[in-house]
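Trainee: 3D model of this:
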Amino acid sequence: MKILFWVAALLVVYTYFGYPFVLWACTRIRARDVRKKEIFPRVSIIIAARNEGDRIREKIERTLALDYPVERLEIIVASDASDDATDAIVKEYAGRGVRLVRAVQRRGKEHAQGLALPEAKGEILVFTDAATLLEPDALWRLMANFADPTVGAVSTEDLIVDAHGNPTAEGLYVKYEMWVRRLEGRFHSLVGLSGSCFAIRRELCSDWSTSLASDFMGALRAARRGYRSIADPSALGRFVTLASNEAETRRKIRTFLRGITVLMANLDLLNPFRHGRFAVQLASHKLLRFLAPFLLLTTLTTSALLSGEPLYRLMVLAQASLYLLAAAGGLVKPLQRSRAVRTAYFFTMVQVAMLIAWGRYALGHQQLTWEPSRRQRPGTTSSLAQR
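Mentor: Presented below is the predicted three-dimensional model:
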């Protein structure tokens, strides 16, 4: 029982703290830099859209305003059988070179993106969604990384704020994730790209899957072909948090279910004898992260059974305090103004969402279709655009 407790507890500590520390220590000794150079390859931006009538116009306008040679850029909107005004709005921009590719039936984000691939002429493909707002210089900053022949894919960094531009519970968690990604890129490679916006070499999309998450699969495809994936902190993907805790939980469940499905379909990449450092990173960042709720349940159960000893009684109290703090934050949202409450709430919500996702995966569920999350609307567009 004690061995089980300490193994589970140490794996949790390694997952969230030990792994980043190992990356940090290794990159202090020797880091892999990216040989950047200002280049302007032909780029195809593919915007996935499903009933985005309320924000597709802003997305297109901001994409057209990107600081990039217009003759080297094409914009394709991949509509997943939208049944609102999305398609009609996109067609208004045909005279400015924006093209619409429409799925006849709703079959999911990756299916819609796959329909756009044969239409895209770019050497580099940029996949993004309507909710993500990019800075004017984000595109050429992303492209500069492809001057390094070892780089196969580049991810923007996510920045999440509320409708007033303030940090959120998820925003703190995302900051942690972005820090880990930066370390991964300097150590070797990211194991997952940002679904809000990522760029990838066209050759890495030849075996496109219409059912597996394109952001996660992009990094895995790059690794299989001998490339690495990185995040560029100078290119931000900024979007607004969801309007409710319940909506955020539902989105997390969908995201984790998609991630678990991709990982289970690519378990061979966990072989360190064939895939070296990438296999270790994939196990540390994805496999152990997905297993974390089971490890946490193990530590709680075993410490409770061992609570006759003072050390384990203290462990039970510490865990109970974390979960009570999280429950308070979930029930009384104003309490999330406290950083401690925000962190406890979001950490616990993530674990619960992963447990539910595993349950759905075990029942054979797949998250193919997708409804973009309805996020809070800021007072003005400029409030989001400010750096």
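
Trainee: in this structure, what residue sits furthest out from the centroid?
Mentor: G308 (42.3 Å; C-alpha atoms, centre = their mean).

Trainee: Could you check the pLDDT of it?
Mentor: For G308, the model assigns a pLDDT of 92.

Trainee: Please name every helix or strand in contact with the lengthiest strand in the chain.
Mentor: Longest strand in the chain, counting residues (DSSP state E): strand 228-240. Counting contacts by 3 or more C-beta pairs under 8 Å, 6 or more residues apart in numbering; DSSP states H and E, strand 228-240 is packed against strand 133-134, helix 138-144, strand 151-161, helix 169-187, helix 214-224, helix 382-385. Using the backbone N, CA and C atoms, a C-beta is placed for each residue, glycine as well.

Trainee: Next secondary structure after that strand?
Mentor: For strand 228-240, the following helix or strand on the C-terminal side (DSSP states H and E) is helix 245-265.

Trainee: Run through the neighbouring helices and strands of that following helix.
Mentor: helix 214-224, helix 288-305, helix 339-362.

Trainee: quick one: average pLDDT of it?
Mentor: 89.

Trainee: Name the residues of that helix that are buried.
Mentor: In terms of neighbour count (16 or more other C-beta atoms under 10 Å), helix 245-265 has its buried residues at 245, 248-263.

Trainee: Provide a list of residues in contact with the nearest residue to Y312 once chain neighbours are set aside.
Mentor: Leaving aside its chain neighbours, Y312 sits nearest to L306 (3.9 Å; criterion: C-beta to C-beta, 6 or more residues apart in numbering). For L306, the contact set (C-beta atoms under 8 Å, 6 or more residues apart in numbering) comprises M1, K2, F5, Y312.

Trainee: likewise I39?
Mentor: Shown in contact with I39 (C-beta under 8 Å, 6+ apart): M143, A144, F146, A147.

Trainee: Return the distance of the second one relative to G329.
Mentor: Meaning A144. 41 Å (C-beta to C-beta, to the nearest Å).

Trainee: who has more neighbours, these two?
Mentor: G329 (25 against 20; other C-beta atoms under 10 Å).

Trainee: hang on, that one is in a helix, isn't it?
Mentor: Yes. G329: assigned to a helix according to DSSP: H, G, I helix; E, B strand; the rest coil.

Trainee: Tell me, what's the model's pLDDT at it?
Mentor: 87.

Trainee: which non-adjacent residue is nearest S284?
Mentor: Nearest one to S284, counting by C-beta to C-beta, 6+ apart, is Y19 at 4.3 Å.

Trainee: Phi first, then psi, for the one you found.
Mentor: Here is the backbone geometry of Y19 (degrees, to the nearest 10): phi -60, psi -50.

Trainee: ditto for N51
Mentor: Taking degrees, to the nearest 10 as the convention, N51 sits at phi 50, psi 60.

Trainee: Does it touch I89 like I think?
Mentor: No. Applying C-beta atoms under 8 Å, one finds N51 not in contact with I89, separated by 11.4 Å.

Trainee: Between those two, tell me which one has more neighbours.
Mentor: Using other C-beta under 10 Å, the more surrounded residue of N51 and I89 is I89, with 22 against 19.

Trainee: buried sites along stretch 337-356?
Mentor: 341-351, 353-356.

Trainee: How far away from the center of its chain is it?
Mentor: 17 Å (C-alpha atoms, centre = their mean, to the nearest Å).

Trainee: got the contact list for that stretch?
Mentor: So stretch 337-356 is contacted by 168-170, 172-173, 245, 248-249, 252-253, 256, 290, 292-294, 296, 322-323, 325-330, 335-336 (C-beta under 8 Å, 6+ apart).

Trainee: 7 Å instead, please
Mentor: 169-170, 172-173, 249, 252-253, 256, 290, 292-293, 296, 322-323, 325-326, 328-330, 335-336 (C-beta atoms under 7 Å, 6 or more residues apart in numbering).

Trainee: Name only those of those residues that count as buried.
Mentor: Looking at these with 16+ other C-beta under 10 Å, the buried ones turn out to be 169-170, 172-173, 249, 252-253, 256, 290, 292-293, 296, 322, 325-326, 329-330, 335-336.

Trainee: any low-confidence regions in the stretch 1-150 of the chain?
Mentor: The stretch 1-150 of the chain contains no residues with pLDDT under 70.

Trainee: May I have the helix or strand hosting F127 as CSV, with CA atoms only?
Mentor: Using DSSP H and E, F127 sits in strand 124-129. Taking Å, rounded to 0.1, in the frame of the first residue of the first chain, the C-alpha atoms of strand 124-129 are listed here in CSV:
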residue,chain,number,x,y,z
ILE,A,124,3.3,26.0,-45.8
LEU,A,125,-0.3,25.4,-44.5
VAL,A,126,-1.6,27.4,-41.6
PHE,A,127,-4.6,25.9,-39.7
THR,A,128,-6.6,28.2,-37.5
ASP,A,129,-10.2,28.9,-36.4
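
Trainee: partner strands of it, parallel or antiparallel?
Mentor: Within its sheet, and counting by DSSP bridges, strand 124-129 is paired with strand 43-49 (parallel), strand 197-201 (antiparallel).

Trainee: Buried residues, it. List them.
Mentor: I124, L125, V126, F127, T128, D129.

Trainee: Next up, the contacts around the second one.
Mentor: Residues near L125 by C-beta under 7 Å, 6+ apart: S44, I46, A199, I200, R202, C205.

Trainee: same deal with the first one?
Mentor: With C-beta under 7 Å, 6+ apart as the criterion, the residues that contact I124 are P41, V43, M143, F146, A199, R201, R202.

Trainee: quick revisit: so how do I select the buried members of the contacts of L125 in PyMOL?
Mentor: Listed next is the PyMOL selection for buried residues among the contacts of L125, using 16+ other C-beta under 10 Å:
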select buried, resi 44+46+199+200+202+205
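
Trainee: which residues does L159 form a beta bridge with?
Mentor: Residues in beta-bridge contact with L159 (DSSP bridges): R238.

Trainee: That one reaches L236, doesn't it?
Mentor: Yes. Between L159 and L236 a contact is recorded at 5.1 Å, counting by C-beta atoms under 7 Å.
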